[in-house]
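A.B. asks: Structure for this input, please:
(one chain, ligands or ions: 3)
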Amino acid sequence: MILELDCGNSFIKWRVIDGAQAVTVIGGVVGSDSELVSALLAMPAPSLTHCRLVSVRSDDETLALTRRLDELFGIESVCARPALEMAGVRNGYVEYQRLGLDRWLAVLGAFHLAKKPCLVLDLGTAVTSDLVMADGEHLGGFICPGMPLMRNQLRTHTRRIRYDDEAASRALDEMAPGRTTVEAVERGCLLMLRGFVLAQMELAKEYLGDNFEVFLTGGDALLVRDVLPGARVLPDLVFVGLAIACPLD
Ligand SMILES: Nc1ncnc2c1ncn2[C@@H]1O[C@H](COP(=O)(O)OP(=O)(O)OP(=O)(O)O)[C@@H](O)[C@H]1O
Ligand SMILES: CC(C)(CO)[C@@H](O)C(=O)NCCC(=O)O
Ligand SMILES: [K+]
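C.D. replies: Residues are numbered from 1 along each chain as shown. Ligands and ions are numbered 1, 2, ... in the order given. Model (predicted):
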């Protein structure tokens, strides 16, 4: 059994796959290292043999987690590393090491699946966009705040914008002009997000031509799905890239 981890800025996405059949046995989303450990200890004993992971956290944080996994389960972790070129994709950053590894893996996964030009949108704590041409050349991309960062900036930097997360999720049931603060903020931020992804579509047409594939991933992917009807929504896209970047055996 292989443990796979995608350590983002706010959450750790994890899953256990049966290496032989590449089937997901169990998985989830947790908020911290200790929550991950609890979730793994609570598993009905599928013995872990390997771990591969991608992290956009500091090296110290990542090392602390891999040490803990080794102590508890006796498994070594293979971490995705930056690369100038891999699986037919050429990293477009001026300094390739600086491209977020979650972005790099999502791009590798998308190009592997599409085998044609791709626009890759990842909607998490931050929102990222990456463009890849037909020949695998990564053109670079864009980074902007995601829903959690946008709403928290408003809540933190104003006196009178205050509401809880439960109210926030209800506010998006409709998109009419908000008649409460929570509706006004949540719907406003969502419109910014939708505007961003639509602008990315226009850019992609300009840089990639008309025949490109759109991939949508990250915890908030579903919030923009209706404005991108042709997009492939793949919550596990980073894991597709992780398997390419960190083959086992
Ligand atoms: N099951 C879930 N668990 C946690 N967050 C979720 C879930 N479903 C949707 N979300 C939403 O997804 C967003 C976080 O997305 P994601 O988990 O991709 O972020 P992250 O990986 O921590 O951030 P980043 O990609 O910027 O590093 C939050 O806005 C959260 O509300
Ligand atoms: C942009 C995030 C935070 C998205 O998770 C991550 O990919 C990251 O930390 N990237 C490093 C900066 C960059 O990609 O240019
Ligand atoms: K992420």
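A.B. asks: Which positions in stretch 76-85 come out as buried?
C.D. replies: Judged by neighbour count using 16 or more other Cβ atoms under 10 Å, the buried positions of stretch 76-85 are 77, 78, 79, 80, 82, 83. Quick note: C-beta positions are derived from backbone N, CA and C, even for glycine.
A.B. asks: Against which helices or strands is the helix or strand of the chain with the lowest mean pLDDT packed?
C.D. replies: Between all helices and strands in the chain, the lowest mean by mean pLDDT, DSSP states H and E belongs to helix 165-171, at a mean of 90. Packing partners of helix 165-171 (3 or more Cβ pairs under 8 Å, 6 or more residues apart in numbering; DSSP states H and E): helix 181-208.
A.B. asks: I figured residue 114 was touching residue 213, is that so?
C.D. replies: Yes. Counting by Cβ atoms under 8 Å, residue 114 does reach residue 213; the two are 4.1 Å apart.
A.B. asks: list the buried ones in the least confident helix or strand of the chain?
C.D. replies: 168, 171.
A.B. asks: And the contacts of it?
C.D. replies: 151, 178, 180, 182, 183, 185, 186, 187 (Cβ atoms under 8 Å, 6 or more residues apart in numbering).
A.B. asks: can you put those in CSV and add distance to residue 109?
C.D. replies: Shown next, in CSV, are the contacts of helix 165-171 (distance: Cβ to Cβ, whole Å):
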residue, distance to residue 109
151, 29
178, 37
180, 40
182, 35
183, 36
185, 33
186, 30
187, 32
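A.B. asks: Most widely separated two among those?
C.D. replies: Within the contacts of helix 165-171, 151 and 180 form the most distant pair, 14.1 Å apart (Cβ to Cβ).
A.B. asks: Briefly note if the least confident helix or strand of the chain comes near ligand 1.
C.D. replies: No. Helix 165-171 does not reach ligand 1 (Cβ under 6 Å from any ligand atom); its nearest approach is 8.0 Å.
A.B. asks: Could I have the CA atoms of that helix written out in PDB?
C.D. replies: What follows is helix 165-171, C-alpha atoms only, in PDB (Å, rounded to 0.1, in the frame of the first residue of the first chain):
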ATOM      1  CA  ASP A 165     -18.000  29.800   8.000                       C
ATOM      2  CA  GLU A 166     -21.400  28.100   8.200                       C
ATOM      3  CA  ALA A 167     -23.200  31.300   7.000                       C
ATOM      4  CA  ALA A 168     -20.600  31.600   4.300                       C
ATOM      5  CA  SER A 169     -21.500  28.200   2.700                       C
ATOM      6  CA  ARG A 170     -25.200  29.100   2.600                       C
ATOM      7  CA  ALA A 171     -24.600  32.400   1.000                       C
END
